[in-house]
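Student: Build me a model from this:
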Amino acid sequence: MSAETSSAVEFANTVHAVRGKLKDALPFWLDRHGFADGTPEATRFAELRDAVRSLIGAAVEGADFPAEAVAAVNAASAAAPFWPELTPGGSAVAEKTTAKGAEAERGRIAREAIALLAGDDREALRSCQAPGCVLFFVKTHPRQEFCGPVCGNRARAARHYARHKGE
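Tutor: Coordinates of the predicted model:
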């Protein structure tokens, strides 16, 4: 799993479930990345996140991508064109863009989502199978069914409870 795919999935997973209710962690994500919640740019991040979630969900289900979600991701990517530049020592490549702030970040996320959805990792995209979980992940092990150890433990506990409930 590449760093860029985990970043796109992490962004999509800013919607999660707590005790059966959906929670929005986008305000925390925005704060961690230096953007303010409750602004027009926050609304545009939410729209991009919803489009990325819709596309990942379609990929997991093997369904066609919703046209509106494709258009939203492509528009965010096009709003922040980028190009690679070689660093002076030639040891690294830096991404350059003329876009600023939130527009540049949305463009980066959109490109990462595009790379994930059009790349080899698309076949490894999964939705967590734990009860009540709404997160996505990129499968890195043949037996992986859950987004993380906590969900795996919750699923095993639920199976155990179901087996022993009637005894």
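Student: Helix, strand, or coil at residue 83?
Tutor: strand (DSSP: H, G, I helix; E, B strand; the rest coil).
Student: so how far is residue 30 from the nearest residue to it once chain neighbours are set aside?
Tutor: Distance criterion CB to CB, 6 or more residues apart in numbering; nearest residue to residue 83, sequence neighbours excluded, is residue 96 at 5.6 Å. In short, each C-beta sits where N, CA and C put it, glycine included. Going from residue 96 to residue 30 by CB to CB, to the nearest Å gives 24 Å.
Student: Comparing those two, which residue is more hemmed in?
Tutor: residue 30 (21 against 10; other CB atoms under 10 Å).
Student: On the three-state scheme, the more buried one is what?
Tutor: Relying on three-state DSSP, one would call residue 30 helix.
Student: residues contacting the closest residue to it other than its chain neighbours?
Tutor: In this structure, residue 30 finds its nearest non-sequential neighbour in residue 37, 5.3 Å apart by CB to CB, 6+ apart. Listed by CB atoms under 8 Å, 6 or more residues apart in numbering, the contact set of residue 37 reads 26-27, 30-31.
Student: buried subset of those?
Tutor: Buried by 16 or more other CB atoms under 10 Å: 26-27, 30, out of the contacts of residue 37.
Student: export those residues to a markdown table and tack on distance to residue 76?
Tutor: Converted to a markdown table, the buried ones among the contacts of residue 37 look like this (distance: CB to CB, whole Å):
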| residue | distance to residue 76 |
| --- | --- |
| 26 | 15 |
| 27 | 19 |
| 30 | 15 |
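Student: Mind picking the one among these that's closest to residue 143?
Tutor: Each of those was checked against residue 143 using CB to CB; the closest is residue 26, at 31.6 Å.
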